[in-house]
Structure formats: structure tokens, C-alpha cells
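Trainee: give me a 3D structure for the following:
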Amino acid sequence: MRTFLKLTAVIFGIIALLHGLRLVYGWEAVIGGVEIPLWASAAAFLAAAVLGWGLWRESR
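Mentor: Down below sits the predicted model:
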């Protein structure tokens, strides 16, 4: 169980990192012809970072 929690925390960390990079560099994200606003990445960054941090703490 501990390994699963750590792996999941790392995956959430990578997701948070990618959303953070999108915010810093202003990368466009288009899904099905609809441009996703940067504020959506800010919310996703925050959610992924909090979930990753919580899972990492739980795995200890």
C-alpha cells in the first residue's frame, strides 16, 4: 500500500509540474477546438499539488 501511495503522489506531482510550466510559459491548451483558459491550469495545479502532498504524507 505504501508503494502505491508514493507512486500516486509522484504522478500527481508530475501533473502539478506540467500545469505549473503551462502557467509560467503561457502554453496554449486546445481540446476539441476549445481553448482551455490559464485559470483552469491554476486550479488544476493547486488541486494536484495538494493531493500529491497529502498522499506523500500519508505514505510515510
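Trainee: so for this structure, the centremost residue is which one?
Mentor: Residue closest to the average C-alpha location in the chain (Cα atoms, centre = their mean): Ala16, at 2.6 Å.
Trainee: can you tell me what sits against the helix or strand hosting that residue?
Mentor: Following DSSP states H and E, one finds Ala16 within helix 2-25. Outside helix 2-25, the residues within contact range by Cβ atoms under 8 Å, 6 or more residues apart in numbering are 27, 29, 38, 41-42, 44-45, 48-49, 51-53, 55-56, 58-59. For glycine as for every other residue, the C-beta is placed from the backbone atoms N, C-alpha and C.
Trainee: mean confidence for that helix?
Mentor: For helix 2-25, the mean pLDDT works out to 97.
Trainee: got the buried residues for that helix?
Mentor: Within helix 2-25, the residues that count as buried by 16 or more other Cβ atoms under 10 Å are 5, 8-9, 12-13, 15-16, 19-20, 22.
Trainee: try stretch 21-39
Mentor: Arg22.
Trainee: just to revisit the earlier point, closest to Val34 out of the buried residues of helix 2-25?
Mentor: Of all the buried residues of helix 2-25, Arg22 has the smallest distance to Val34: 15.7 Å, by Cβ to Cβ.
Trainee: next one: that closest one from Glu58, what distance?
Mentor: 27 Å (Cβ to Cβ, to the nearest Å).
Trainee: Gly32 now?
Mentor: 35 Å.
Trainee: next one: Leu38
Mentor: For Leu38, the distance to Glu58 - Cβ to Cβ - is 30 Å.
Trainee: next one: Trp39
Mentor: Trp39 is 29 Å from Glu58, by Cβ to Cβ.
Trainee: how about stretch 41-50: buried residues?
Mentor: For stretch 41-50, by 16+ other Cβ under 10 Å, it's 41, 44-45, 48-49.
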